[in-house]
Every structure is written in C-alpha cells, then in structure tokens.
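Here's my sequence, what's the structure:
(one chain, ligands or ions: 1)
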Amino acid sequence: MKAVQLIAHGNPGQFKLVELPDPAPASDEIVVQVRACGLNRLDLWLEDGALPIPLDLPRIPGSEIAGHVIRLGSNVEGWRVGDRVAVQSNLFCGSCEFCLSGEESLCLKGQLLGVQKDGGFAEMVLAPACTLVRLPDNVDFNASAALTLAGSTAMHMLTNRTRVQPGHWVLVVAGASGVGSAAIQIARRLGAHVIATASTEAKRQLTLHLGAEYVVDSTRQDWSSEVRKITQKRGVDLVVEHVGGAVIEQAFDCLARGGTIVTCGATAGPKIHLNLWPLFVKQQSLVGSYGRSRADLTTTLEWAEVGKLKPTIDAVFPLSEVPAAFARLRSRTVLGKVLIVP
Ligand SMILES: [Zn+2]
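Residues are numbered from 1 along each chain as shown. Purely as a prediction, here's the structure:
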C-alpha cells in the first residue's frame, strides 16, 4: 500500500511517500481501506514533536478516518467486508475501570491512532474491531472525515462534560475551527444563544452561516468586553475553549455567575494565571475534556445523518500532497476542514 510517513519532526516536518506491505489483521483487528482522513491540530503537534508523550518515527499520521472494511481478523464478529465505517481514534483497552463504566476517553491505557500507532494517511489502516462505528448510508466518506474527530470532540464537550440548557448563552472561541464550527451547530440545536469569536472577516461570516447569532473580532484587545456587552453585562453560561494561554484568561472575563468553561486544548500555551477569588465567589467551573467515547461518535454521525450537523470542508488533497495539506492547516487561513483522500 501507499502511505505517507513522518520521518523527522520539525516545522515543517519531513514526510516521505512510501510503499509498504499491506497490513495483516490480528485476530481482533480489522483492515480498513481509507477513503478519506481529516487533518487536525493534533497532526501539527505530531509534526512538531510537541506532544507530551514518547513519539517513535517513522509514523503514518492521520486520526480522522473513514473508509470500508477490507480484511477481518479471525475472531471479529459483527462486521463484513465492504461495511462503511468511521474509526474511533482514541484507542481504549476495554477492560480498565473507566472503560468498563463506558468512559473510554478516561482509559488508563489509551492510545492515539495516527500518533502512537500508524494512522490514516495511507491506503489502508489497521484498527481494533471495537473502535469501528458504522457510517449511516447518507453520510459520505468526506463528511465523516470532516466531522468524526472535531465534531465528536465538540459533542463530548457539550453533551458529556457539560450540559447546555435552552436559552443559555454559549461563547464558542475560535468558532471557525473544526471543533468551533461543530460546537456552534450543536449549541444552537440544543437551544442556546451562540456568540462566536473569529480572527478574520471570512471566518466571522462562516460562524454566522453556521448559526452563531453574534460574532466578535478576536484580534481586538477588548473582545471580552464586546461579549459582556452583547449579554447586557451578564456574561455567558458556557465557554467552549481550546486555545488556552491569554485567550482562556480573557474567557473568564466573559463568564456569568455559575458559568462553566470547558476546554480541550492549549494551542496558545498550557499555563495560565487563574484568579481564584471570582471563581469561587461566582461559583464558576473550569472543566477539562479529552477525546470522545464511541457514544459521542455515534451521536455525531446520527446528527450528520439527519442534517443537524454539517461539515465545512476547506480543501481536499491526495496522499502525494500531504506536506502541502499540513502547511495549509498551519497557515491558519483555513475555513473548515482539510482532508486527505488516498
Ligand atoms: Zn481502558
């Protein structure tokens, strides 16, 4: 099979298009023919070598995989050759105390497909059978690869780690990003008023198109006071955040009494100054969110099936242009998802 390996970390990293033997499944594994694979911030962290876990090279990146089953391990039941699937890229053990309680995203032995194991920027990928989720008939491979990871990350943040009540005010930071564009749609469908932030006019227009009622310019120093103005100084009930650094510090200025910030990333920096006084006086919460469970993935695909969640696709690249795809995502000018189609 053809595959793209990251052979040296860097910005940009070094990639190589290689010919490898087709993967052979162990008894509980499935080989998936990759039809589309989304590119994510996670891939850029892998490229940089910036993840706080041991990384072995060469590695085939790619965590947001859609395709069909082509080979089955001897003990696999419930799947047939040709089945259309999405792959849950948070690999989980299925037997630790957290997996047994259905909280796969807390697995003690969790691994990331496309980071610690070879991923989907290849013609085929090997995955444990338990990580596959069936694709609804009317969700095509590109839509799945554009929603599976970012969409289910947002689903986990808004329906598992926190709750959105009808009429609540929700602020979606970086609303034109993969997680942001899904979070806007999910919060609106749950009945919330949505304010988004975005750094360019094109991104601001996209957030409004996705359902945000208000959008503020995140390049303005005083964007948080804009948010307070929109809510008549009350503040928002929930902030959906994945930027970190100074941005999450400003997000606290936007928060209403009893409000919650839910975060799944730290692109702008992992360390922040936190003022505990308003946090406890206003009884606010800061909640971490990591990955997803298969239930979040299934819900995401069900929402896509009935049109409640739509992908925004920026560009599609072949395997031979993976380095260009990484450069495009890194440029921060993308509107929606960048996909690789082998
Ligand atoms: Zn586990």
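
In contact with P136, which residues?
Counting by CB atoms under 8 Å, 6 or more residues apart in numbering, P136 makes contact with L301, E302, A304, E305. C-betas here are computed from N, CA, C, even on glycine.

Mind pulling up the pLDDT for the nearest residue to the last one once chain neighbours are set aside?
Residue nearest to E305 in three dimensions, not counting chain neighbours: P136, with 3.8 Å by CB to CB, 6 or more residues apart in numbering. At P136 the predicted local confidence, pLDDT, stands at 96.

Let me see the backbone angles for P136.
phi -60, psi 150 (degrees, to the nearest 10).

Now, of the contacts of P136, which are buried?
L301, A304 (16 or more other CB atoms under 10 Å).

for the record, mean pLDDT for the helix or strand containing I7?
Element membership of I7 [criterion: DSSP states H and E] is strand 2-8. The average pLDDT for strand 2-8 rounds to 98.

what do you get for stretch 165-183?
pLDDT averaged over stretch 165-183 gives 95.

Thought A8 was touching L57, still the case?
Yes: under the criterion of CB atoms under 8 Å, L57 makes contact with A8 at 6.8 Å.

the strands in the stretch 51-200 of the chain, which residues?
Per DSSP state E, counting those that start in this stretch, the stretch 51-200 of the chain carries strands over the ranges 64-72, 84-87, 90-91, 111-112, 124-128, 132-134, 169-172, 193-198.

which of the ones you listed is buried the deepest?
Most buried of these, by mean neighbour count (mean count of other CB atoms under 10 Å): strand 169-172, with a mean of 30.

what are the pairing partners of that strand, and which direction each?
strand 193-198 (parallel), strand 236-241 (parallel) (DSSP bridges).

For the ion, find the nearest of these.
Of all the strands paired with strand 169-172, strand 236-241 sits nearest to the ion, with 26.4 Å by CB to the ion.

tilt between the helix or strand hosting Q33 and strand 2-8?
Using DSSP H and E, Q33 falls within strand 29-39. Per axes from the mean of the first three to the mean of the last three CA atoms, to 10 degrees, the angle that strand 29-39 makes with strand 2-8 is 70 degrees.

Would you mind listing the residues in contact with the residue nearest the centre of the chain?
Geometric centre of the chain, nearest residue: A150, 2.4 Å, by CA atoms, centre = their mean. A150 sits next to G38, N40, E64, S177, G178, V179, S181, A182, K337 when contact means CB under 8 Å, 6+ apart.

Identify the residue nearest it in space, chain neighbours excluded?
In space, and not counting its chain neighbours, A150 is closest to G178: 3.1 Å by CB to CB, 6+ apart.

Return the set of residues that bridge with Q33.
Beta bridges link Q33 to H68, M124 when assigned by DSSP bridges.

pLDDT at the residue nearest to D83 when sequence neighbours are not counted, what is it?
Closest residue to D83 in three dimensions, ignoring its sequence neighbours and counting by CB to CB, 6+ apart: V69, at 4.5 Å. You'll see V69 listed with a pLDDT of 98.

V69 against I30, yeah?
Yes: V69 is within contact range of I30, at 5.6 Å (criterion: CB under 8 Å).

Need the overlap of contacts for these two.
Here V69 and I30 share the contacting residues W79, L132, scored by CB under 8 Å, 6+ apart.

Leaving out chain neighbours, which residue sits closest to whatever residue of the stretch 201-342 of the chain ends up closest to the ion?
Proximity of the stretch 201-342 of the chain to the ion (CB to the ion) peaks at S293, 10.9 Å away. Distances taken as CB to CB, 6+ apart place E104 nearest to S293, at 4.3 Å, with adjacent residues excluded.
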